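Asker: Quick one, what's the 3D model for this:
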Amino acid sequence: MTSCTSLEQELRHQALDLGADFCGVADLSGAKELIRHLGGDMMAQYPLSLSVGVAMPFAIVDQLPRHQDRAVALAYSTHSYDILNNRLDQIASRLAGIVQSAGHRAFPVRASQTANEEKLQGLYSHKLAAHLAGLGWIGKSCLLITPQIGPRVRWASILTDAPLPSGQAIEQRCGDCMDCVNACPVEAFTGRNFRSDEPREARYDALKCHKYLQRHEHTPGLDVSVCGMCVYACPHGRDGVSG
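Answerer: Numbers count the residues shown, from 1 in each chain. This next block holds a predicted model:
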C-alpha cells in the first residue's frame with residue numbers, strides 16, 4: 001500500500017499537473033460540528049479534506065468595477081465560474097480516483113453547490129477547508145484570502161480517510177483593512193473578523209448579495225448578473241497580481 005507521504009506527494013504533483021494552483025490537506029477534527037451542520041453525517045464522517053484551488057483570470061477580475069457591463073459580466077461568469085468550476089470538478093474527480101486506488105475512501109465535493117436555498121449555503125465549506133489546510137485565512141468578506149493572490153481563487157475539495165499529513169491554519173492578516181466591506185454595493189458585510197464559533201450571519205448577509213444579483217439579472221440588455229467587488233477590492237489580491 002502507498003505510504004501517506006508518497007501518496008501526498010503524488011496528489012500534489014497530479015493536482016499541479018492537472019491545472020491546480022493551490023493544494024493542501026486539512027485536519028477536520030476541530031470543525032466536525034460545523035461540517036455536520038452543513039452536510040450532515042455524510043460529510044462529517046471524514047477526518048481529512050484535500051483542497052485544490054485554481055486562480056481566476058486576473059485581467060477579468062480587474063474589470064469588475066464595470067460588472068454591470070454585459071461583456072464584463074459574461075467574461076466573469078464564464079471564465080471565473082463556469083469554466084473554473086468544471087476544471088476543479090475534473091481535478092477533484094481525478095485526485096479522488098488516486099486516493100481510492102491507494103485503498104482509501106474519497107468523496108469529491110463539487111466546486112459549486114447550494115444545498116440550502118433558503119440560507120444560500122452549500123453542503124460543505126471549501127473556504128474553511130482551505131483555511132484549515134494552511135492555504136489562507138477567511139477574510140471579512142467571508143472569502144478565503146491567500147497570501148499570494150488574495151481571494152482570486154476558486155476551490156474544490158476531496159473528503160478522505162487517507163492518513164495524509166495536514167497543514168496548519170493561517171491566522172487572519174486583514175488587520176484594520178475594510179476595503180472589501182466598503183466595496184460591497186449593498187453593504188452585505190458587517191466588517192467583523194472570522195470566528196469559528198460565530199454563524200456566518202454575524203459577518204455576511206447572503207440574502208442582500210443574492211437579491212442584488214437577482215435585481216440586475218432583469219436589467220435590459222444584461223441577461224447575466226455578477227458582482228465580485230469583494231474579490232476585486234482585496235489588496236492582497238491586487239498586490240499579488242501587480243507584485
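Asker: what is the rounded mean pLDDT of stretch 178-188?
Answerer: Confidence for stretch 178-188, expressed as mean pLDDT, is 97.
Asker: Only alpha carbons, please: show that stretch as CSV.
Answerer: Extracted in CSV, the C-alpha atoms of stretch 178-188 (Å, rounded to 0.1, in the frame of the first residue of the first chain):
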residue,chain,number,x,y,z
MET,A,178,-12.1,47.4,5.3
ASP,A,179,-11.7,47.5,1.5
CYS,A,180,-13.9,44.6,0.7
VAL,A,181,-16.6,45.8,3.2
ASN,A,182,-16.6,49.3,1.7
ALA,A,183,-16.6,48.0,-1.9
CYS,A,184,-19.9,46.0,-1.5
PRO,A,185,-22.7,47.8,-3.3
VAL,A,186,-25.3,46.5,-0.8
GLU,A,187,-23.3,46.6,2.4
ALA,A,188,-23.6,42.9,2.9
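Asker: Check which residues of it are buried.
Answerer: Of all the residues in stretch 178-188, those buried under the rule 16 or more other CB atoms under 10 Å are Asp179, Cys180, Val181, Ala183, Cys184, Val186, Ala188. The way it works is simple: take the backbone N, C-alpha and C, and place the C-beta from them, glycine included.
Asker: Which member of the residues you listed is positioned nearest Gly228?
Answerer: Ala183 (9.7 Å; CB to CB).
Asker: And for the closest one, nearest residue in space, chain neighbours not counted?
Answerer: Nearest non-adjacent residue to Ala183, counting by CB to CB, 6 or more residues apart in numbering: Ala233, 3.6 Å away.
Asker: Same question for Gln100.
Answerer: Using CB to CB, 6+ apart and skipping residues adjacent in sequence, the residue nearest Gln100 is Ala106, 5.0 Å away.
Asker: Please state the mean pLDDT value computed over the longest helix seen in the chain.
Answerer: Ranked by residue count and defined by DSSP state H, the top helix of the chain is helix 83-101. Taken as a whole, helix 83-101 has an average pLDDT of 97.
Asker: Mind giving me the packing neighbours of it?
Answerer: Contacting helix 83-101 under the criterion 3 or more CB pairs under 8 Å, 6 or more residues apart in numbering; DSSP states H and E are the following elements: helix 4-17, strand 48-55, strand 106-109, strand 153-160.
Asker: tell me the angle that helix makes with strand 153-160.
Answerer: Here helix 83-101 runs at 20 degrees with respect to strand 153-160, directions being taken by axes from the mean of the first three to the mean of the last three CA atoms, to 10 degrees.
Asker: host element of His236?
Answerer: helix 235-242 (DSSP states H and E).
Asker: Could I get the pLDDT score of Lys211?
Answerer: Lys211 is assigned a predicted lDDT (pLDDT) of 90.
Asker: about what we covered before: what are the bridge partners for the residue nearest to Gln100, then?
Answerer: Residues in a beta bridge with Ala106, per DSSP bridges, are Thr160.
Asker: What is the burial count for it?
Answerer: Look at Ala106: counted by other CB atoms under 10 Å, it has 21 neighbours.
Asker: which secondary element of this protein has the worst mean pLDDT?
Answerer: In the chain, the helix or strand scored least confidently by mean pLDDT, DSSP states H and E is helix 235-242, which has a mean of 80.
Asker: Give me the distance between the residue nearest to Arg195 when sequence neighbours are not counted and Ala73.
Answerer: On the basis of CB to CB, 6+ apart, the spatially nearest residue to Arg195 that is not a chain neighbour turns out to be Ala202, at 7.6 Å. Counting by CB to CB, to the nearest Å, the gap between Ala202 and Ala73 amounts to 30 Å.
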